[in-house]
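Visitor: just the structure for this:
(chains A and B)
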Amino acid sequence: MSLIATAVHVELRKALASRVLRTTTILVVVGIAVLATALVAAAQAGDEQILAQLGPLADETGWSLLTGVTAQITAAGALLAFGVALSWTFGREFTDGTITGLFALPVSRPVVALAKLYIHMLWTAAVSLTLTMLILTGGLVLDLGSLDSDALSQLIRLSVLTILAGMLAAPAGWAATLGRGPLPGIAVTLMILVAAQVTAIATPDAAAWIPLSAPAVWALEPGTVHAGQLAMVAIVPITFAALTCISWRRLQLDR
Amino acid sequence: MADRLNVQGALRVFGPDAGLFGLDLTVAAGEVHALVGLNGAGKTTLMRAILGMLRLTGGSVEIDGVPLARLSNDAWRRVGHLIEHPFAYPELNTRTNLALAARLNGLEPSNVRDAVDAVIAELDLSRYTAVTARRLSQGNRQRLGLAAALQHHPTLIVLDEPTNALDPAGVIRLRETLLRRAADGAGALVSSHHLDEVARIARRISVLNHGQIIGALETDMPDLERAFFDLVRADDEQRRS
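Guide: Model (predicted):
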């Protein structure tokens, strides 16, 4: 078995046994689905306060309203959850003291780091699929109308947006490595979150070209972001995966 | 045959009195070499440098005659270590922790079960196979860490204060295991504060002080403790003068 396959096997076993990841998954998937469905139910019932909070989305109805609300919550909430989880995945090796056991092995540290990121993306995809299915169920329960091609494309957008949020969390793993614990990764996640939300609201046209902000703009105003701008989001995980692998290769336990 | 471990002129300075200051040390095949010293003497720093956790600014480390920088990934299969914390994930049980450590140490998946079973028997962990590391006592977690370090039958063993938290039965198990591994040709570098214990297992005892080897203790000395402190005191006085 190849070294990367071994590292992926080890990281997968750790992830499956992790209470942190299990709890985060439930909070993200169920939390977002319940919150979004409840907001749409309240809007449908004509709750003025909720309608005021929804802003431009209040003009939407049916599936468009549900997926729009979910997208906005996901762009911020899922990014935070993914960042916290990735910070823990990398940072726990230092705080649990297991990092020493990851030295002097046939499976090198950059390979272990890469396996962690691979499992993170796998988990992100699983969260994305589950959340989308729950939102679909919520929409059917709320009787939002027939599931036409528009509704399906909105659900697909939601699924892609969740995966993009997972990709944007990649700097958290690097920060947790540099800071030797989860907290620096969580701090970086919050910085990304604030920067993305502020630029998306303040200057959406420019923000659509910024990989960290494009998903947030896409969540707020789907029509203003094109596929090329969304594809540029991949720069973030690729860059930070490389930086994380370099940091793990050069890692020294000198502090 | 090259030594299992050869450290020459190891240099890594953290401060005027902290680090490694041109330290030489070897571990031959079939030998348990004990390292004793006061807290802060540099034992853990040396072991970290040997295992690549810390880069030296001078000197060299060779494992089986190959400098650390040129050691292939595959060659690390021949090394087992426990430095500071046992390699045990709190959420995983003893058997799973060992199975994952075995895989990371290069064992083929088909050989993992047998290796884990063998080391569980060797270190008397059978009562705890299904217990998560989080729920193990400190001593049993240390046993788990030792099992993870030894189960793939490394030819170079590096253990930092391995008897920490072990009960007397655990100390005897470890002693027997190390002597058996040495008899099979492994070389072991073991740091400890327990002079009587190291006298039972080591062929050589080196005394480390302020990042340098300042002398050796004979394992059959009648009063090891006194000899140790005489060496340390003489070195400290020489530094002050």
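Visitor: hey, let's count contacts and neighbours off CA atoms from now on
Guide: OK.
Visitor: report whether stretch A:79-94 contacts chain B.
Guide: No: against chain B, stretch A:79-94 shows no contacts by Cα under 8 Å from any Cα of the partner chain, the least distance being 8.9 Å.
Visitor: contact partners of that stretch?
Guide: A:20-21, A:24, A:28, A:98-99, A:113, A:116, A:120, A:124, A:165-166, A:168-170, A:172-173, A:175-177, A:180-186, A:189-190, A:193 (Cα atoms under 8 Å, 6 or more residues apart in numbering or on different chains).
Visitor: contacting residues around residue 30?
Guide: Defaulting to chain A. Here residue A:30 is in contact with A:131, A:134 (criterion: Cα under 8 Å, 6+ apart).
Visitor: that's the other chain; I wanted chain B
Guide: Taking Cα under 8 Å, 6+ apart as the test, what residue B:30 contacts is B:181-188.
Visitor: looking at those residues, which is nearest residue B:2?
Guide: The closest of these to residue B:2 turns out to be residue B:187 (Cα to Cα; 11.4 Å).
Visitor: please report phi then psi for the closest residue to chain B within the stretch 101-250 of chain A.
Guide: Of all residues in the stretch 101-250 of chain A, residue A:106 sits closest to chain B, at 4.5 Å by Cα to the nearest Cα. Dihedral pair for residue A:106: phi -60, psi -30, per degrees, to the nearest 10.
Visitor: re the thing from before, filter the contacts of residue B:30 down to the buried ones, PyMOL style.
Guide: The PyMOL command for the buried members of the contacts of residue B:30 (criterion: 16 or more other Cα atoms under 10 Å in any protein chain shown) is given here:
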select buried, chain B and resi 181+182+185+186+187+188
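Visitor: among the contacts of residue B:30, name the ones in helices.
Guide: B:181-183 (DSSP state H).
Visitor: for chain A, which spans come out with low pLDDT?
Guide: Counting by pLDDT under 70, chain A has low-confidence residues at A:1, A:255.
Visitor: which bits of it sit near chain B?
Guide: A:1, A:6-7, A:10, A:14, A:17-19, A:96-98, A:100-101, A:103-108, A:251-254.
Visitor: same thing but 7 Å
Guide: By Cα under 7 Å from any Cα of the partner chain, the residues of chain A that approach chain B are A:6, A:10, A:17-18, A:97-98, A:100-101, A:103-108, A:252-254.
Visitor: out of these, which sit inside helices?
Guide: A:6, A:10, A:17.
Visitor: next, the buried residues of the helix or strand hosting residue A:114.
Guide: Assessed by DSSP states H and E, residue A:114 sits inside helix A:109-141. Of all the residues in helix A:109-141, those buried under the rule 16+ other Cα under 10 Å are A:109-121, A:123-136, A:138-139.
Visitor: before we move on, back to that, got the ones in helices among the residues of chain A next to chain B as CSV, with neighbour count and distance to residue B:194 columns?
Guide: What follows is these, written out as CSV (neighbours: other Cα atoms under 10 Å in any protein chain shown; distance: Cα to Cα, whole Å):
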residue, neighbour count, distance to residue B:194
A:6, 23, 38
A:10, 21, 35
A:17, 16, 37
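Visitor: out of those residues, flag the one nearest to residue B:208.
Guide: The closest of those, once distances to residue B:208 are taken by Cα to Cα, is residue A:10, at 37.3 Å.
Visitor: how about the helices in chain B?
Guide: Counting by DSSP H, the helices of chain B are B:43-50, B:94-104, B:109-122, B:138-150, B:168-183, B:195-201, B:224-240.
Visitor: can you report how many residues lie near the nearest residue in space to residue B:198 that is not next to it in sequence?
Guide: Spatial nearest neighbour of residue B:198, excluding adjacent residues (Cα to Cα, 6 or more residues apart in numbering or on different chains): residue B:34 at 6.3 Å. Residue B:34 sits with 27 neighbouring residues when counted by other Cα atoms under 10 Å in any protein chain shown.
Visitor: which ones are touching residue B:34?
Guide: Residues near residue B:34 by Cα atoms under 7 Å, 6 or more residues apart in numbering or on different chains: B:189-191, B:198, B:202, B:204-206.
Visitor: can you name the two of these that are farthest apart?
Guide: Spanning the widest gap among those are B:191 and B:204, at 11.7 Å by Cα to Cα.
Visitor: the two: who's more crowded?
Guide: Set residue B:191 next to residue B:204 and count neighbours by other Cα under 10 Å: residue B:191 wins out with 26 against 19.
Visitor: pLDDT at the more buried one, what is it?
Guide: Predicted confidence (pLDDT) at residue B:191: the value is 96.
Visitor: residue B:180: neighbour count?
Guide: Count around residue B:180 with other Cα under 10 Å applied: 13.
Visitor: quick check: the gap between it and residue B:153.
Guide: Separation of residue B:180 from residue B:153 (Cα to Cα, to the nearest Å): 11 Å.
Visitor: that older thread, and the helices of chain B: which comes nearest residue A:209?
Guide: Per Cα to Cα, nearest to residue A:209 of the helices of chain B: helix B:94-104, 41.6 Å.
Visitor: got the contact list for whatever residue of chain B ends up closest to chain A?
Guide: Of all residues in chain B, residue B:73 sits closest to chain A, at 4.5 Å by Cα to the nearest Cα. Listed by Cα under 7 Å, 6+ apart, the contact set of residue B:73 reads A:105-108.
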